[in-house]
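Asks: Here you go, sequence then predicted model.
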Amino acid sequence: MLVAAAACPCPPLLVPDVAAGAAPELDFVRAACTDALGVLAAARPDRLVVVGPAGKDGRGPHPEGTRGSFRGFGVDLDVRLGADGVRTERALPPSLAVAAWLLARTGWSDAPIEGLGVGESLAADRCVAVGRDIGARAGRVALLVMGDASACRTLKAPGYLDERAAPFDAAVGRTLGAADVAALEALDADLSYELKASGRAPWQVLAGAAEGAGLGGALLYEGAPYGVGYVVAAWS
């Protein structure tokens with residue numbers, strides 16, 4: 001059963017080596033992510049499942065020990081999901097590589113880890129079904145859910161300015177902060193796609209996993225650095 005969850009954004013800029021001189025601008029986001037991971041550790045899970053958006057090559061399961069890299073972002077930095085485990089030719093998608101970096105940064109050693117990459121266009125009912133399967137596992141399960149809100153908050157944002165973006169992000173923040181499972185399941189997939197919100201599918205996996213778990217939520221950060229919505233929340 002699900003005993004705790006954390007929602008964190010997944011921009012590679014969270015990694016200071018990637019952000020370079022701009023790294024201090026995201027210190028507040030990193031600090032909030034650290035606090036969210038602390039909630040997961042405090043729940044003493046038997047297993048941590050890390051879920052994040054992924055392109056075609058990164059979809060599906062990623063066992064503990066899977067490696068990722070930030071070389072595609074001009075940085076000679078490799079990461080590994082948890083402890084050294086199964087050797088695989090597949091690499092972590094960027095969202096799970098950021099998660100691996102966050103976990104290593106906080107010294108996670110509280111439970112075995114596995115990763116799951118989900119397509120950003122995966123239908124809501126399928127996301128929820130995947131989450132239900134995770135939530136139905138035996139033992140104490142925690143979820144780390146990676147994903148960004150809209151990418152359309154300013155003129156210089158990756159998706160340009162869209163007036164719908166700020167209200168969308170605010171609603172996502174309220175929903176994650178309140179651990180509102182029904183509202184997460186009802187997120188508009190079409191609007192999320194138009195606003196380039198990569199977190200929609202992972203959040204709906206979380207919703208499925210949390211059905212009946214009775215978890216409460218706390219919003220730890222909500223903002224839009226660089227015109228992209230970042231939300232950090234913890235459920236326990």
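Replies: Noted; the coordinates are in hand.
Asks: residues near residue 224, how many?
Replies: 20 (other Cβ atoms under 10 Å). From N, CA and C alone the C-beta is placed, and that goes for glycine too.
Asks: Settle this for me: it is touching residue 230, isn't it.
Replies: Yes. With contacts counted by Cβ atoms under 8 Å, residue 224 reaches residue 230, the gap being 7.0 Å.
Asks: Going by residue numbers, what spans are helices in the protein?
Replies: Along the chain, counting by DSSP state H, helices occupy 16-19, 27-42, 94-105, 124-135, 165-177, 181-185, 189-194, 200-210.
Asks: contact partners of the fifth one?
Replies: Spelled out, it's helix 165-177. The list of residues contacting helix 165-177 from outside it, by Cβ atoms under 8 Å, 6 or more residues apart in numbering, reads 7, 149-153, 157, 159, 180, 183-184, 187, 191-192, 195, 197, 199, 203, 217-219, 222, 224, 229, 231, 233.
Asks: Out of the helices of the chain, which is closest to residue 113?
Replies: Closest to residue 113 of those is helix 94-105 (Cβ to Cβ; 7.1 Å).
Asks: and that closest one, C-alpha only, in PDB?
Replies: Taking Å, rounded to 0.1, in the frame of the first residue of the first chain, the C-alpha atoms of helix 94-105 are listed here in PDB:
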ATOM      1  CA  PRO A  94      16.000  12.800 -18.200                       C
ATOM      2  CA  SER A  95      13.200  13.000 -15.600                       C
ATOM      3  CA  LEU A  96      14.400   9.900 -13.800                       C
ATOM      4  CA  ALA A  97      18.100  11.000 -14.100                       C
ATOM      5  CA  VAL A  98      17.100  14.200 -12.200                       C
ATOM      6  CA  ALA A  99      15.300  12.000  -9.700                       C
ATOM      7  CA  ALA A 100      18.500   9.800  -9.300                       C
ATOM      8  CA  TRP A 101      20.500  12.900  -8.800                       C
ATOM      9  CA  LEU A 102      18.100  14.200  -6.100                       C
ATOM     10  CA  LEU A 103      18.200  10.800  -4.300                       C
ATOM     11  CA  ALA A 104      22.000  10.600  -4.400                       C
ATOM     12  CA  ARG A 105      22.200  14.200  -3.200                       C
END
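Asks: Check which helices and strands that helix sits against.
Replies: When contacts are defined as 3 or more Cβ pairs under 8 Å, 6 or more residues apart in numbering; DSSP states H and E, helix 94-105 sits against helix 27-42, strand 47-53, strand 67-69, strand 78-80, strand 113-118, strand 141-146.
Asks: In a markdown table, list the ones you listed along with mean neighbour count and distance to residue 129.
Replies: Below are these laid out as a markdown table (neighbours: other Cβ atoms under 10 Å; distance: least, Cβ to Cβ, whole Å):
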| stretch | mean neighbour count | distance to residue 129 |
| --- | --- | --- |
| helix 27-42 | 19 | 23 |
| strand 47-53 | 26 | 13 |
| strand 67-69 | 19 | 27 |
| strand 78-80 | 18 | 29 |
| strand 113-118 | 25 | 12 |
| strand 141-146 | 28 | 15 |
